[in-house]
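Novice: Below is the sequence, then the predicted model.
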Amino acid sequence: MAPAGAIEKPGVVYKVFQFPADKIPRIDGNTDDWAIVPDSYVIGMDQLTDSMHGLKPDPKDLDVRVRVGWVKGLNRLYFLYEAYDNYWDFSRLDLHNDMFEVVVNADLSGGPFIRDLHPHRDIDPWAIYRAVQGVHAQNWHIFTPPGDKDWAMVWGCQQPWIRELPYANAAYSYNFKPGESGRLTLEFYITPFDYASCDGPEHSVESRLTENKLIGMAWAVKDWDDVNAPASAEAHAFWNLSPSIYMYGDASRLVTFRLMPLEEQFHKPVEAQFAVNVVDMERRVVAFQDLSYGKITSWQWDFGDGASSAEQHPIHTYSKGGEYIVVLTVQGPAGKARRAKVWDVVLK
């Protein structure tokens, strides 16, 4: 079941593809980097509902495909947005613009994150804005395409820095003019924040993205087909991944995504890997965690001081300080592998 922080579509968990470290997508509007992503990661119109007017999907009017990826060790979410529209509306300089609206709540904290949905209306509106708007979850109004505007409007006081490098980047590919039909490719990444401060990135906390982590996320596609409509008017359609239209400002109305492990095709049959944690520097106690891949039946540790262990996750006490080379050798039915870490263990 989906956790309480993302309660829409309970029991449904969408997947975020893990890119190998040597295949991180370039933000250039080209889809070549995404060819390795299986079709099972594609989220299309069949997963969206028009929460504005109850329209039925019509690929002759609008057809959207979205893939989301991540890279282990980087707190970024990568997106490939591919869309056909029979009328691209982006000639104006206000919010009247075809749009891909993405909301991310990576720590599943839930709850309202815009001023207008905050329950305590008697508090000073500016104080609520600074304390809540885009702080624990972020709403990205991404213009498709932006025309003469910035590529995105991030709904909060973090906007001057959160949509710029190194926290975000975007590239488009299209060849149509306003009012024409055609296909658009948008490639971008964003950095989700557990705490995004109005005072800037140095006062903020990035969301830590780790393997198998569940995050709250949803998106909506705003499709305008009338350039003369006032900015306050409703879009022609509001295609939503969440069943709730309030996903735009309440993180409890999102759906659940899982940051997936690497697909099997990107692994060797057996890979040795481990992590080091100095538990007690004064006593020189070090814990080792096996992170090897494959069906492993034996572990052999060389701690670099003449001692060894056959445990999977050993704890070793060194008799003296120094800089040590630790080697893990693993073996299983598919073969044998080893990994050495040079001076990851440094003790006083």
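Specialist: Received the coordinates, thanks.

Novice: Heading C-terminal from the worst-scoring helix or strand of the chain on mean pLDDT, find the next helix or strand.
Specialist: Lowest on mean pLDDT, DSSP states H and E among the helices and strands of the chain sits helix 125-132, with a mean of 88. Following helix 125-132 in sequence order, the next helix or strand is strand 138-143 (DSSP states H and E).

Novice: Can you pull out the residues in contact with that next one?
Specialist: With contacts defined as CB atoms under 8 Å, 6 or more residues apart in numbering, strand 138-143 is touched by 81, 90, 95, 97-104, 113-114, 149-156, 158, 162-163, 170, 186, 188, 190, 192-193, 196, 248-249. The C-beta positions use only the backbone N, C-alpha and C, and glycine is treated the same way.

Novice: What strands line up against it, and which way round?
Specialist: In the sheet, strand 138-143 lines up against strand 99-105 (antiparallel), strand 152-154 (antiparallel) (DSSP bridges).

Novice: mean confidence for that strand?
Specialist: When pLDDT is averaged over strand 138-143, the result is 98.

Novice: starting at the chain centroid, how far to it?
Specialist: Relative to the chain's own centre, strand 138-143 is displaced by 14 Å; criterion: CA atoms, centre = their mean, to the nearest Å.

Novice: Kindly export it (C-alpha atoms) in PDB.
Specialist: Extracted in PDB, the C-alpha atoms of strand 138-143 (Å, rounded to 0.1, in the frame of the first residue of the first chain):
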ATOM      1  CA  GLN A 138       7.900  22.000  -4.700                       C
ATOM      2  CA  ASN A 139       5.600  22.800  -7.600                       C
ATOM      3  CA  TRP A 140       7.200  23.300 -10.900                       C
ATOM      4  CA  HIS A 141       5.200  25.100 -13.700                       C
ATOM      5  CA  ILE A 142       7.300  24.100 -16.700                       C
ATOM      6  CA  PHE A 143       6.300  25.900 -19.900                       C
END
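
Novice: my guess is residue 225 contacts residue 88, does it?
Specialist: No. When contacts are counted by CB atoms under 8 Å, residue 225 is not listed as touching residue 88 (9.6 Å).

Novice: So those two - more neighbours on which side?
Specialist: Counted by other CB atoms under 10 Å, residue 225 and residue 88 do not tie: residue 88 has more neighbours, with 26 against 17.

Novice: Looks to me like the more buried one is in a strand.
Specialist: No. Using DSSP: H, G, I helix; E, B strand; the rest coil, the assignment for residue 88 is coil, not a strand.

Novice: ok, it touching residue 180?
Specialist: Yes. Look at residue 88 against residue 180 with CB under 8 Å: they come within range, at 6.2 Å.

Novice: returning to that earlier point: please identify the deepest-packed of the strands paired with strand 138-143.
Specialist: Using mean count of other CB atoms under 10 Å, the stretch among those with the greatest mean number of neighbours is strand 99-105 (a mean of 24).

Novice: quick one: that strand to chain centroid distance?
Specialist: Its chain's C-alpha centre and that of strand 99-105 lie 11 Å apart, by CA atoms, centre = their mean.

Novice: which residue ranges form the helices in this structure?
Specialist: Shown for the chain, the helices assigned by DSSP state H span residues 125-132, 159-162.

Novice: closest to residue 21 out of the ones you listed?
Specialist: Set against residue 21 and scored by CB to CB, these come closest in helix 159-162, at 24.7 Å.

Novice: That closest one packs against which elements?
Specialist: The contact analysis (3 or more CB pairs under 8 Å, 6 or more residues apart in numbering; DSSP states H and E) places helix 159-162 against no helix or strand.

Novice: which residues sit against that helix?
Specialist: Applying CB under 8 Å, 6+ apart, the set of residues contacting helix 159-162 from outside is 134, 138, 153, 154, 156, 167, 168, 191, 193, 196, 200, 201.

Novice: Average pLDDT for that helix, rounded please.
Specialist: Rounded mean pLDDT across helix 159-162 is 94.

Novice: What pLDDT is listed against residue 255?
Specialist: Reported pLDDT at residue 255 in the predicted model: 96.

Novice: Kindly report the same for the one 5 residues further on.
Specialist: Residue 260 is assigned a predicted lDDT (pLDDT) of 98.

Novice: From residue 266, how far out is it?
Specialist: Residue 260 is 11 Å from residue 266, where distance means CB to CB, to the nearest Å.

Novice: if we can go back for a sec, which one of the contacts of helix 159-162 is nearest residue 333?
Specialist: residue 191 (40.9 Å).

Novice: Can you report how many residues lie near residue 297?
Specialist: As a burial measure, residue 297 scores 9 neighbours (other CB under 10 Å).

Novice: Let me know whether it touches residue 331 as I believe.
Specialist: Yes. Using CB under 8 Å, residue 297 is in contact with residue 331, at 6.3 Å.

Novice: Serialize the strands paired with strand 138-143 to JSON lines and add fields for distance to residue 230 and mean pLDDT.
Specialist: Below are the strands paired with strand 138-143 laid out as JSON lines (distance: least, CB to CB, whole Å; pLDDT from 0 to 100):
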{"stretch": "strand 99-105", "distance to residue 230": "16", "mean pLDDT": "98"}
{"stretch": "strand 152-154", "distance to residue 230": "18", "mean pLDDT": "97"}
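
Novice: Quick one: closest of these to residue 7.
Specialist: Judged by CB to CB, the one of these that comes nearest to residue 7 is strand 99-105, at 11.5 Å.
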